[in-house]
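Output the structure for:
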Amino acid sequence: MAPQKMRPMRYAHFEGHTDICYTDDGRYIVTCGSDGEVRVFEGLDDDDFKTHLVAECASAVVCTGTRILVGTDNNLVQAITLEEGASDGIIIRFTAPPTHLAVSKDGYCVVGGASDMTIRVHGPADYNDRVLTGHKAPILSVALDPKGEYLASSSCDGTVKIWQLGTTSIISASWNLLPATNSFSASSTLCRMAWLPSGETVCVPVGSAVNLYSRNDWQLMYQLTDEAVTETLSIVTASPCGKFLAASSTKGDIVVWDVATKGTVIVEKHPKALNISGLKWNPSGKSEIAFVDINGQFGTIENVVEVDYRPKVGKENGISAAPFPPLTSEDYQDGGATNQTEDEDDDEYSIAKIKSQLGFADDEAGTFLGVAGGLHNEDSRSSATQPTTTTTAAPPPQTLRLPEPQRPFQPGMSPEHLIDRYMVWNNVGIVRQYNTPDSKVNEDDGSIEVEFHDTSVHHALHFGNPSLFTMAALSSQALILASEAREEVPSKLSVHHFAAWGGGGSNKEWHLDLTSGEEAVSVAAGVGFVALATDRHTLRLFSSAGVQREVLCAAGKVVCIAAHQDLLMVVCHSGMGVSGEQSMSIQVLRIGGKGGKGRHPLPFPTPLPLSPRSYLAWAGFTDEGTPLTMDSTGIVRMMHYKYGYTWTIVLDSKMHTRGKSDHYFLIGASERQSNVRCILCKGSRFPPVLPKPHVSILNMKIPLCEGETEKGELEEACMRSSLLLQTLTDSSAEEEEEAKHKIERSVKEAMIKLFALACRGDLDARALDVCQLMPSHQTVGLAIKYAAKLRKLHLADKLGEVAAAKMKEEERERERELEEEDVYRYNSWDTQARGNGTGFENENEESLQQDEDMEEQLEEEDEERERQRRQDNPLLMAAARKRSENTFTTSLLLSPATKNPFRRSNTLTTNTKKGIDVIDRFRKSQKKSESSPVLRPVVRKPQNKQQQLLGNKCKASQEEGTSTTQTPPESSTQATGKENQLSGQSITTATQNNTQMTVEEPEPPTTTTTATAKKPSALLLWLRDHREEVLKRYPGGDSGEESDLVPTAAMMFKDVDASVKQKYKNLAAGITPINTEESDKKRKLEDEDKDSPDHKKKSQNIVKASGLSKLSSFKFSKASQD
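Residues are numbered from 1 along each chain as shown. Predicted coordinates:
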């Protein structure tokens, strides 16, 4: 047996007295409340329930057949239909609001009690109701005898009476059991009584017990109590089998007794200990109890008893027994079934549960759909209980109920059966519909209202709805309305074009009738086009002014369509889902677009992911144009283009709701702001029309594991920012550059914090993985510095390899982009080439500044953490104070004035900043040329004052017309003096490689050249040298304009040898070839003047070019003296 379970309660009505009942078959739960609405739920989890407005307030409800009887504040008992909620007549009239209703099983007799102290018995054959008088206060409850002879009633005067239905005044019994009050609302108990199904016992809640009185003599038989229940019991209800009795108290206690043993079966507590105002047992025999409280919430208790006690109905009432008798576990083991008696009901199993577990289904009458219909007679029943070993004929075909595909809908709409509804609610505005055609209200009173969020787009509209439009789409350019086909009237399309001009007011509207047999199912409005999907799996495209452009075929039955700018989304059924799930596909088309660099649409159908056992609730685009969906479980998904048009979850809206029955109604989303706009619907899936609900903003949050930890939050921020960065990168808009830089900075910060978190936890492998995911080598450079600061030298070396790999990859990517865009850049060279170069330099400067800021931030955090640790430990504070004193003394002894800059170090130095040198080397080479393939050794950066001196002397030398490489300033030699602390081995290596590195280093361009002349590309340089060859290929281009020859030259340049390409790329980048003649002359002069007395002076002038050269000359001179 499954354990008893009180499921979470859900919203049903406003706060106040609420009543509840089941339909005769137990399929639906019907409630009414102080808001005057009657709601029909198909179980506790039904979110698409039906709502019928009957009055200002409804106080009592009961079901009979396909009708619902409701007691309203109009002093009436009104009948409405179960499905449509249409009025079906007035049953009883009182002079005060009715308080309780009861109806016989056959629906022939209806009894109602009211606050006017009267009880009225209504029969269909009677012209006048029989009125029972005798109570001196408002009636609390009425209960009909199952045999139709007696009626039990309770009143606020404290009495409980038993009436004979055949008369109007004979009272069979009367007890004074209740506290007396003068009004229904002031009574401390509802005293809802119940008869056992046999009719031999009437059950009355009195205090904390239930009194059971016998029929005819009306003597007290016994009481049912429980120690756990001390409050006043208010409601009693009997199970359909009559073996169990359930009661509820004013403090939310629900207790179930076994009538035969008088023992307690279960005791449940209301989550908030509120007064329960309605309690009913499922009449179908299912082990389920439904209840409501005075706050308008309702819930259920499942598995109340071990089995489902379905009523034993025979041929007396004209209903045949079930086709299969219950089976026990022994029957399954023996392979057959045996006859069961009524005394063995405790060992029965629920056939409905067994079939539901096996995936089969019953119809509304409880008939199993997997077998033929000939098993309803007694012969087939007896034969079905015996095991079948052989068959002589083929078995009848079995049919199963397959899951129904989701019906077409319009994103942003509310159901059509509501009287007032939203036709669409999106980012542009709201379209409301009043008195919908399906609401059974006078169709002539229907109207449509359009409200724009931005009144500058268009003023508000309000017009009638004679064409019975049910679908709408709204954009800044047009309002689209469509109707379904009705009888002889075809489906219609109407478009209000806001941007139309000329021709008067009639030019702004155009109408269209669809072909016979074709019906509109969904509409969408984009920029310059209108889309209409039909039930024939076709997609019709129109211009905004009414020109028919295309007729496309959808991949399946259309579920919905949506549009954004020039993009159109089409969602279709792609097949029958597995295990009752929906199977859909999505397609994104670009209407009238020329492609270009924009995001590529989905020209082919792609599977649309949904949660298990869910359906599509919303589909559309974000403000940036990325496809976005939401299913019925509240999961919001966005397309992820990085992994082949897959989807990723960006929000679980159910995490932001309090109750299980609360949902969010999606309106739109913004990737740049990283949020979703929606409306909170309490107890429903759709917002009410009046009053106008408020829009809620939910921040996007990818559901990662351990998302509440610091690591999880940083990982989620990285993933979310990467999605937005990809969207902005694919966009070609220039205004996106600033937003793109902000996102890149946030990604860098999150990555660096993740790296620091891994380093502090001694997780070097994780730190390496983080660096491999970093977007650029500059970010890896920060990680290298942080690792070196923490003395993780091995990790720093590993990160240096990662940085080098990222630099090569970025270089290859840059070269590839240059080759692809040479033709396009030339046409706008004057306006874009100089701007691109300046932008690149500014971008590098901003990136370096951001890196330095993040580095300083990390250092401040580490220092603050170390300072806090010292403050907590006085011994560490004393040690730090002593260390600072020693450092101060040492700094005085080893000041720059007393140091020998040319003294050799006695200890061997190790290159602990290998990874950092890789980054610095790339930065300096990048300043001299954008694509230099040479990586030069790097010395430490000079101080700020030295940089200023160096810059001033460089400017002075340029004004004199001399090159900075030939006469370096003295400050450069002073700055490089700090590098003389290197070991002898490193100095020797630098001396050997000095000549080669000096030769390979390209000559930096002068300031006058960069200020006045622009750099031609490698393609233009090659074109100027091979102009004649290009003219042979393109004879018609001899017009003197290079722009005419560029396309032909580009095609020829792609076939040129790689070495030739590299030569022209170096020339375009400013790298000059080596002048071998001058080097030979210099070598000859050195050989001839080797023994001359001026050799030392010449060598000193030559080695002024770099600090390493000066160190090498010092070593050489010292060795010669020795």
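
Ends of stretch 587-606, what's the gap?
Stretch 587-606 has its terminal residues 6 Å apart, counting by Cα to Cα, to the nearest Å.

what's the model's confidence in it, averaged?
For stretch 587-606, mean pLDDT is 71.

Next, count neighbours for G242.
By other Cβ atoms under 10 Å, the residues close to G242 number 19. For every residue, glycine as well, the C-beta is placed using N, CA and C.

SS state for C718?
Following DSSP: H, G, I helix; E, B strand; the rest coil, C718 is assigned to helix.

Thought E749 was touching it, still the case?
No: counting by Cβ atoms under 8 Å, C718 does not reach E749; the two are 9.6 Å apart.

ok, these two, which is more surrounded?
Taking neighbours as other Cβ under 10 Å, C718 and E749 compare with C718 leading, 23 against 19.

Please tell me how far that one sits from G712.
11 Å (Cβ to Cβ, to the nearest Å).

Name the residues of stretch 103-117 that come out as buried.
Residues 103-104, 109-117 are the ones in stretch 103-117 that count as buried (16 or more other Cβ atoms under 10 Å).

from those residues, which is closest to M576?
Closest approach to M576 among the buried residues of stretch 103-117 (Cβ to Cβ): V103, at 42.0 Å.

partners of A525 in the sheet?
For A525, the beta-bridge partners are V530 (DSSP bridges).

what's the neighbour count on it?
25.

V695 versus that one, what's the distance?
21 Å.

quick one on the thing from earlier: among the buried residues of stretch 103-117, which are located in strands?
Counting by DSSP state E, the members of the buried residues of stretch 103-117 that fall within strands are 103, 110-114.

and of the residues you listed, the nearest to Y1064?
Looking across these and measuring by Cβ to Cβ, the closest to Y1064 is V103, at 96.5 Å.

Just say helix, strand or coil for S34.
coil.

Compute the number of surrounding residues for it.
Counted by other Cβ under 10 Å, the residues lying close to S34 total 18.

So it sits against F14, correct?
Yes: here S34 lies in contact with F14, judged by Cβ under 8 Å, at a distance of 5.3 Å.

Show the average pLDDT along stretch 205-218.
pLDDT averaged over stretch 205-218 gives 92.

just the strands in the stretch 651-800 of the chain please.
Using DSSP state E, counting those that start in this stretch, the strands of the stretch 651-800 of the chain run over 663-670, 675-681, 696-699.

most tightly surrounded among the ones you listed?
The highest average neighbour count among the strands of the stretch 651-800 of the chain, using mean count of other Cβ atoms under 10 Å, belongs to strand 663-670 at a mean of 23.

What pairs with it, parallel or antiparallel?
Strand 663-670 has the following strand partners under DSSP bridges: strand 675-681 (antiparallel).

can you list the residues that contact the strand it pairs with?
Here strand 675-681 makes contact (Cβ atoms under 8 Å, 6 or more residues apart in numbering) with 427, 636, 650-651, 653, 657, 662-670, 687, 693-700.

make it 7 Å
In this structure, residues lying in contact with strand 675-681 by Cβ atoms under 7 Å, 6 or more residues apart in numbering are 636, 651, 653, 662-669, 687, 693, 695-700.

Next up, identify which helix or strand E1028 is on.
Applying DSSP states H and E as the criterion places E1028 in helix 1027-1033.

Sort out which residues of that helix are buried, please.
Neighbour count says helix 1027-1033 has V1030 buried, by 16+ other Cβ under 10 Å.

and it, what does it pack onto?
helix 1042-1054 (3 or more Cβ pairs under 7 Å, 6 or more residues apart in numbering; DSSP states H and E).

For the helix it packs on, which residues meet the burial criterion?
1042, 1045-1046, 1048-1050, 1052-1053.

now swap in stretch 685-698 and tell me
Residues of stretch 685-698 classed as buried: 685-689, 693, 696, 698 (neighbour count, 16+ other Cβ under 10 Å).

try stretch 271-284
For stretch 271-284, using 16+ other Cβ under 10 Å, the buried residues are 274-284.

Going along the chain, name the strands of the stretch 451-600 of the chain.
Secondary structure of the stretch 451-600 of the chain (DSSP E, counting those that start in this stretch): strands at 461-464, 471-474, 478-482, 492-497, 509-513, 520-525, 529-534, 538-543, 548-553, 558-564, 567-575, 583-590.

Tabulate those in JSON lines, adding columns for distance to E813.
As requested, the strands of the stretch 451-600 of the chain are arranged in JSON lines below (distance: least, Cβ to Cβ, whole Å):
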{"stretch": "strand 461-464", "distance to E813": "52"}
{"stretch": "strand 471-474", "distance to E813": "42"}
{"stretch": "strand 478-482", "distance to E813": "43"}
{"stretch": "strand 492-497", "distance to E813": "46"}
{"stretch": "strand 509-513", "distance to E813": "50"}
{"stretch": "strand 520-525", "distance to E813": "38"}
{"stretch": "strand 529-534", "distance to E813": "37"}
{"stretch": "strand 538-543", "distance to E813": "39"}
{"stretch": "strand 548-553", "distance to E813": "38"}
{"stretch": "strand 558-564", "distance to E813": "30"}
{"stretch": "strand 567-575", "distance to E813": "28"}
{"stretch": "strand 583-590", "distance to E813": "27"}
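
Nearest to D454, out of those strands?
Of the strands of the stretch 451-600 of the chain, nearest to D454 by Cβ to Cβ is strand 471-474, at 12.1 Å.

strands paired with that closest one, and their directions?
Strand pairing for strand 471-474, determined by DSSP bridges: strand 478-482 (antiparallel).

what's the neighbour count on R791?
So R791, with other Cβ under 10 Å, has 9 neighbours.

what's the answer for the one 4 residues further on, then?
By the criterion of other Cβ under 10 Å, L795 has 24 neighbours.

what sits against it?
764, 767-768, 787.

Which members of these are classed as buried?
767-768, 787.

And these, which is closest to E864?
Closest to E864, out of all of those and judged by Cβ to Cβ, is A787, at 19.6 Å.

State whether the closest one and D797 are indeed in contact, as I suppose.
No: assessed by Cβ atoms under 7 Å, A787 is found out of contact with D797, at 9.2 Å.

for the strand or helix carrying R637, packing partners?
Here R637, judged by DSSP H and E, is contained in strand 635-640. On a contact count with 3+ Cβ pairs under 7 Å, 6+ apart, strand 635-640 meets strand 627-631, strand 646-652.
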